[in-house]
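Chemist: Model the structure of this input:
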Amino acid sequence: MRRCLALVIGLASAAAALLAQAPARRGVSLIVTNAIVVTMDGGSRVLPAGAVAIDGRDIVAVDTIEAISRGFEGRETIDAGGQVVMPGLINTHTHAPMVLYRGLADDLALMDWLQKYIFPSEAKTVSPEFVRAGTRLAALEMIQSGTTTYTDMYYFEEEIARATREAGLRGVLGQTIIQFPVPDAQTPQEGLARAERFIKEYASDDLITPAVAPHAMYTLDRAMLTSIRAMADREHAQVIIHLAETEDEVRTARQKYKLTPTGFLESIGFWGPRTIAAHAVWVTPADIRILARRQVGISHNPESNMKLASGTAPVTAMRTAGLAVGLGTDGAASNNDLDMFEAMRQAAFLHKLVTRDPTAIPAPVALRMATIDGARALGMEKSIGSLEPGKRADLILVSMSAARQTPMYDPLSHLVYVTRGDDVRTTIVNGKVLMRDRKMLTLDEGAVLSAAREWTARVRAAVAAKD
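Modeler: Residues are numbered from 1 along each chain as shown. Predicted coordinates:
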């Protein structure tokens, strides 16, 4: 009996010694586990049974379920239940408040759409209150469909920034400057001053990257474009501009300057590495070389370009030249939604069609364009765009249980060719859960929708009113 007791005590002592030697698990704020983890990292790793450890705003580990369980203890745990966990989607071009013009005018060429409907409607309805309501609606739609970072250009951008922060989204937000009077600036000089104040106010913000957004080379003169670039350089700010969206823009540039839009902007020293060019549909091989040399980020907007019949951007040529090409939805007034899963699918289909090459934009490439390549286009690839230790914890959980998603052989294929925005179950930005299992946590969904419906009636009345 004494020998047995001694043996038991010895074993207990040995076990205690082993436990004492085992490294303590690190405490973290959140663990997302039991997932198919699509990392979009440099090795394009997909973990069939993976987990992500998050502490505060940062990812601290991405590994197997067992490895994360051994090494970390979360104050909160989300059991993904076999869902896909992936980087949040990055929308590289939109006009958030324009969701309130969704469906206002359809089936028109760009200039008719702008000059006959959008510009007049904006003159009558855009205000700080309009912008707040529209941004909240856009933020609700983006959170519910898996976008965690978006790039915006509009008016009263400080209101957009406040609403974006309240919703918990990450934004690269550009104060628009245009040559004619607009709701927040009577002159482009006033717009430039507003932009500079906005950039200074949000210079050190954790979620908001402030930018200046000259509308386009055909809606601003040479002197103002030069002044905008000088201010952006002085403040180390991002620049967002529409580029070569239509053949009309190219004709205007050639008639006025004997150059393409890209060539004209190069001639005045406008291009730089902190610049995002939206659309870039009608660019020549020489233009592409300029944009690559200047390290300009490109936002490809396939749905808007198709709907407005603007043309097809030479995305495969731009990618071959080394340009960082991300995806954008454009504003919901011309798309007509902010669903980045749709943008991925349409980008993949469009370029297969126009090149007559089914390998032109395969599913993994479309997924890169919506995540890490979008981050590269924004110059933010060191902090977002993939699930890697040290990066911000911007991630989404995507259900793969619907009938149309069954069976699933390849999660990357399903994410591009099958998934829709409403398959997103949970959205996390900067380590904060914004939506959990389709329940909004940072926005009052009912109040947001009610305010948007009130504005719908006001927009309809303003458009119907005669000047």
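Chemist: C-alpha only now, for contacts and for neighbours.
Modeler: OK.
Chemist: pretty sure Arg453 belongs to a helix, no?
Modeler: Yes. Counting by DSSP: H, G, I helix; E, B strand; the rest coil, Arg453 is part of a helix.
Chemist: And it, how far from Phe130?
Modeler: Here Arg453 is placed at a distance of 12 Å from Phe130 (CA to CA, to the nearest Å).
Chemist: Excluding its own residues, what touches the lengthiest strand in the chain? List them.
Modeler: Assignment by DSSP state E gives strand 26-38 as the longest strand of the chain. For strand 26-38, contacts defined as CA atoms under 8 Å, 6 or more residues apart in numbering pick out 44-56, 65, 71-87, 387, 431.
Chemist: Buried ones in that strand, by neighbour count?
Modeler: 28-38 (16 or more other CA atoms under 10 Å).
Chemist: closest to Gly146 among those residues?
Modeler: Val38 (14.2 Å; CA to CA).
Chemist: In the sheet, which residues pair with the closest one? Tell me.
Modeler: Val46 (DSSP bridges).
Chemist: Can you tell me the SS state at Ile59?
Modeler: Applying three-state DSSP: Ile59 is strand.
Chemist: residues contacting it?
Modeler: So Ile59 contacts 52-53, 387-393, 431 (CA under 8 Å, 6+ apart).
Chemist: List buried residues within these.
Modeler: Here, 16+ other CA under 10 Å leaves 52-53, 387-389, 391-393, 431 buried among these.
Chemist: before we move on, the earlier item: could you tell me which of the contacts of strand 26-38 belong to strands?
Modeler: Per DSSP E, the contacts of strand 26-38 map to strands at 46-55, 72-79, 84-87.
Chemist: Filter the contacts of strand 26-38 down to the buried ones and express that as a PyMOL selection.
Modeler: Buried subset of the contacts of strand 26-38, written as a PyMOL selection, criterion 16+ other CA under 10 Å:
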select buried, resi 46+47+48+49+50+51+52+53+54+55+65+72+73+74+78+80+82+83+84+85+86+87+387+431
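Chemist: about what we covered before: mind putting the contacts of Ile59 into JSON lines with distance to Arg251 and pLDDT?
Modeler: Shown next, in JSON lines, are the contacts of Ile59 (distance: CA to CA, whole Å; pLDDT from 0 to 100):
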{"residue": "Val52", "distance to Arg251": "51", "pLDDT": "98"}
{"residue": "Ala53", "distance to Arg251": "53", "pLDDT": "98"}
{"residue": "Leu387", "distance to Arg251": "43", "pLDDT": "98"}
{"residue": "Glu388", "distance to Arg251": "45", "pLDDT": "98"}
{"residue": "Pro389", "distance to Arg251": "48", "pLDDT": "98"}
{"residue": "Gly390", "distance to Arg251": "47", "pLDDT": "98"}
{"residue": "Lys391", "distance to Arg251": "43", "pLDDT": "98"}
{"residue": "Arg392", "distance to Arg251": "43", "pLDDT": "98"}
{"residue": "Ala393", "distance to Arg251": "45", "pLDDT": "98"}
{"residue": "Gly431", "distance to Arg251": "47", "pLDDT": "98"}
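Chemist: and those residues as CSV, adding distance to Pro364?
Modeler: Output for the contacts of Ile59, formatted as CSV (distance: CA to CA, whole Å):
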residue, distance to Pro364
Val52, 21
Ala53, 24
Leu387, 15
Glu388, 18
Pro389, 22
Gly390, 23
Lys391, 21
Arg392, 22
Ala393, 21
Gly431, 26
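Chemist: which among those gets closest to Arg165?
Modeler: Taking the contacts of Ile59 together and measuring to Arg165 by CA to CA, the closest member is Gly431, at 13.8 Å.
Chemist: and stretch 406-426, how far from the chain's centre?
Modeler: 19 Å (CA atoms, centre = their mean, to the nearest Å).
Chemist: That stretch - what's its average pLDDT?
Modeler: The average pLDDT within stretch 406-426 is 97.
Chemist: Mind jotting down where the helices sit in the stretch 151-300 of the chain?
Modeler: For the stretch 151-300 of the chain, the helices defined by DSSP state H, counting those that start in this stretch cover 157-167, 188-201, 222-235, 247-257, 261-267, 285-293.
Chemist: looking at these, which is buried most?
Modeler: Among those, helix 157-167 has the highest mean neighbour count (mean count of other CA atoms under 10 Å), at a mean of 22.
Chemist: how about it as CSV, C-alpha atoms only?
Modeler: Extracted in CSV, the C-alpha atoms of helix 157-167 (Å, rounded to 0.1, in the frame of the first residue of the first chain):
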residue,chain,number,x,y,z
GLU,A,157,-16.1,64.4,-46.2
GLU,A,158,-15.7,65.2,-42.5
GLU,A,159,-19.3,64.0,-42.0
ILE,A,160,-18.4,60.8,-43.9
ALA,A,161,-15.4,60.3,-41.6
ARG,A,162,-17.5,60.7,-38.4
ALA,A,163,-20.2,58.3,-39.6
THR,A,164,-17.5,55.8,-40.8
ARG,A,165,-15.8,55.9,-37.4
GLU,A,166,-19.1,55.5,-35.6
ALA,A,167,-19.9,52.4,-37.7
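Chemist: check contacts around the nearest residue to Ala333 once chain neighbours are set aside.
Modeler: Nearest non-adjacent residue to Ala333, counting by CA to CA, 6 or more residues apart in numbering: Arg102, 4.2 Å away. Shown in contact with Arg102 (CA under 8 Å, 6+ apart): 332-334, 336-337.
Chemist: on that earlier part again, show me which of Arg453 and Phe130 is the more surrounded one.
Modeler: A direct count of neighbours by other CA atoms under 10 Å for Arg453 and Phe130 places Phe130 higher, at 21 against 14.
Chemist: Thr371 versus that one, what's the distance?
Modeler: Using CA to CA, we find Phe130 at a distance of 30 Å from Thr371.
Chemist: ditto for Arg294
Modeler: For Arg294, the distance to Thr371 - CA to CA - is 22 Å.
Chemist: Repeat that for Thr187.
Modeler: In terms of CA to CA, Thr187 sits 37 Å off from Thr371.
Chemist: now Arg453
Modeler: Arg453 is 32 Å from Thr371, by CA to CA.
Chemist: Good, we can wrap up now.
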